[in-house]
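**Student:** structure for this input, please:
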Amino acid sequence: MKLYPHYVVVGFSNSYLISGKESSQAVIIDPGRFDAKMLSLIENNKLKICAILLTNSNKSHVSGIKTLLKIYDAKIYSYHASIVGIKTIPVRDRQQIKCGDLTFTVIETPGHSADSVVYRLGNWLFTGDTLSAGLTGTTPHLQAHILQLKKIREKLLPLGDELIVFPGHGPPSRLGLERRFNVMLNELCPRARSNLSFF
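**Tutor:** Numbers count the residues shown, from 1 in each chain. Sure, this is the predicted structure:
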């Protein structure tokens, strides 16, 4: 597999272009903006975009979709049935998405937003706003924060310390590093700790 990270200044977000070993079929995750650099990455490597995967519907992750679809005939996968007025293929927990020789597994991680999902590809995790280096996603209220922590602990951390985290914002990390050093995962405020039994 080949991974081409793409940093988007607008929204300070990451997009990812992934292609397989044996196929020119490729996937874009979270196209926050579709610009000349992303176009060059695709065309110079002679890739065909077959799918766009969205980790959530925040503007910094979806603003490049309409431009992309003017050039490529790609399927859009999202928790919601439509994004920016465009129909998508709704995804759910443990669903698999195939594109060429790439197979992604969907992991639902609500908290930052109701539609937050993570995509696993082998030892790579594309975590959107759910988990990043040293941080977890912002949440609208305490219960959403507790839910997000619960999903990270139950669904992501058990996957193994060596998995690489490719977040929607900031640098990559590893699950083992986040398990050991992410303060937001390891030090809950007393109020949050007292409410963990709600879930």
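
**Student:** contacting residues for the residue nearest to Gln25 when sequence neighbours are not counted?
**Tutor:** In this structure, Gln25 finds its nearest non-sequential neighbour in Gly100, 2.9 Å apart by C-beta to C-beta, 6 or more residues apart in numbering. Bear in mind the C-beta positions are built from the backbone N, C-alpha and C, glycine included. Going by C-beta atoms under 8 Å, 6 or more residues apart in numbering, Gly100 touches 19-20, 22-26, 50.

**Student:** how about Gly64?
**Tutor:** Counted by C-beta under 8 Å, 6+ apart, Gly64 has contacts 8, 15, 31-35, 38.

**Student:** and what of Pro31?
**Tutor:** Taking C-beta under 8 Å, 6+ apart as the definition, contacts of Pro31 comprise 15, 38, 52, 61-65, 68.

**Student:** how about 7 Å then?
**Tutor:** 15, 52, 64-65, 68 (C-beta atoms under 7 Å, 6 or more residues apart in numbering).

**Student:** the helix or strand containing Ile28 packs against which elements?
**Tutor:** Per DSSP states H and E, Ile28 falls inside strand 25-29. Counting contacts by 3 or more C-beta pairs under 7 Å, 6 or more residues apart in numbering; DSSP states H and E, strand 25-29 packs against strand 13-19, strand 48-53.

**Student:** strand partners of the shortest one, parallel vs antiparallel please.
**Tutor:** The reference is to strand 48-53. Note on strand 48-53: by DSSP bridges, its sheet partners are strand 25-29 (parallel), strand 75-78 (parallel).

**Student:** right, so the ones you listed: which one is the most enclosed?
**Tutor:** For the strands paired with strand 48-53, average neighbour numbers computed from mean count of other C-beta atoms under 10 Å are highest in strand 25-29, which has a mean of 24.

**Student:** list the contacts of it.
**Tutor:** Contacts with strand 25-29, where a contact means C-beta under 7 Å, 6+ apart, come from 15-19, 47-53, 55, 68, 99-100, 102, 119, 126.
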